[in-house]
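Novice: Give me a model of this one.
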Amino acid sequence: MHLTLSSEGVRNTTMTNENGQVLYKTSTPHRFGTRTTTLHKVEPNTDPDDMRDHLEAIGEIEWNLMGPSVMRLYGQEMMTNSFIPSHGVTGRKRTFTGPDGLPYRFWLGIGTQLSRNDATSQELARSHTRSLGITGPRRDPFLDIDPSLMHMLDMVVLTFIYVEKLRRDKEKRTKRSSFGRNPHRVRGLGYMW
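Specialist: Alright, predicted model coming up:
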């Protein structure tokens, strides 16, 4: 499955399938303190007199500044520090157990990759950032998901929103910390060529 995102900001985006049909929508109201991202899923309307689809809130992420964030999916509450903990020195790996009982691992690199957390390390989903078309074709950000995950698509989307927001935050911090640094300038000596 190919989900195209209307924005790289996953907390306020619309996800459409290959046919352009909206499947998911996220919204995060601006407010001080704890912010909550709500994940809506499009439920097809069966009423022949009203052909508009309806959005149903199926999950949310409560982004806590102090302490672990909280994820909810169909009313089941999961603390992020125990449900999808960070691993590795850089914290770029997040693992969780799916509703099918199998272990999964997200790796946060240039994009976000989901794979089995076992000896096979089979890649099951990968995100791609927006391309402006300078070195290749222009494209919106998207998430490719293996058909074997369709039974837990809602979980994949919710956990992707969580880890992708963390990845983008880390990317922004890295850019901010290196902003203004010149690798040719040595403190006290001026520029070294």
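
Novice: going forward, measure contacts and count neighbours with C-alpha atoms only.
Specialist: Noted.

Novice: so the nearest residue to Arg126 once chain neighbours are set aside is in which element?
Specialist: Using C-alpha to C-alpha, 6 or more residues apart in numbering and skipping residues adjacent in sequence, the residue nearest Arg126 is Gln113, 4.4 Å away. Element membership for Gln113, per DSSP states H and E: strand 112-116.

Novice: Next one: the residue lying closest to Ile58 once chain neighbours are set aside from Met15, what distance?
Specialist: In space, and not counting its chain neighbours, Ile58 is closest to Tyr74: 5.3 Å by C-alpha to C-alpha, 6+ apart. Using C-alpha to C-alpha, to the nearest Å, one gets 19 Å for the distance from Tyr74 to Met15.

Novice: More neighbours: these two, which one.
Specialist: Comparing Tyr74 with Met15 by other C-alpha atoms under 10 Å, the one with more neighbours is Met15, at 23 against 11.

Novice: Quick one: residues contacting the residue nearest to that one when sequence neighbours are not counted.
Specialist: Spatial nearest neighbour of Met15, excluding adjacent residues (C-alpha to C-alpha, 6+ apart): Leu5 at 4.7 Å. Listed by C-alpha atoms under 8 Å, 6 or more residues apart in numbering, the contact set of Leu5 reads 13-16, 140-143.

Novice: same thing but 6 Å
Specialist: Residues near Leu5 by C-alpha atoms under 6 Å, 6 or more residues apart in numbering: 14-15, 141-142.

Novice: on that earlier part again, strands paired with the strand holding Gln113, and their directions?
Specialist: strand 103-108 (antiparallel), strand 123-128 (antiparallel) (DSSP bridges).

Novice: for that strand, what is the average pLDDT?
Specialist: Averaged across strand 112-116, pLDDT comes to 96.

Novice: Output that strand as PDB, nothing but the C-alphas.
Specialist: What follows is strand 112-116 as a C-alpha-only set of coordinates in PDB (Å, rounded to 0.1, in the frame of the first residue of the first chain):
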ATOM      1  CA  THR A 112      11.600   6.000   8.700                       C
ATOM      2  CA  GLN A 113      11.900   2.200   8.100                       C
ATOM      3  CA  LEU A 114       9.800  -0.500   9.700                       C
ATOM      4  CA  SER A 115      11.100  -4.100   9.700                       C
ATOM      5  CA  ARG A 116      10.700  -7.300  11.600                       C
END
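
Novice: ok, and what's touching that strand?
Specialist: With C-alpha under 6 Å, 6+ apart as the test, strand 112-116 has contacts from 104-107, 121-127.
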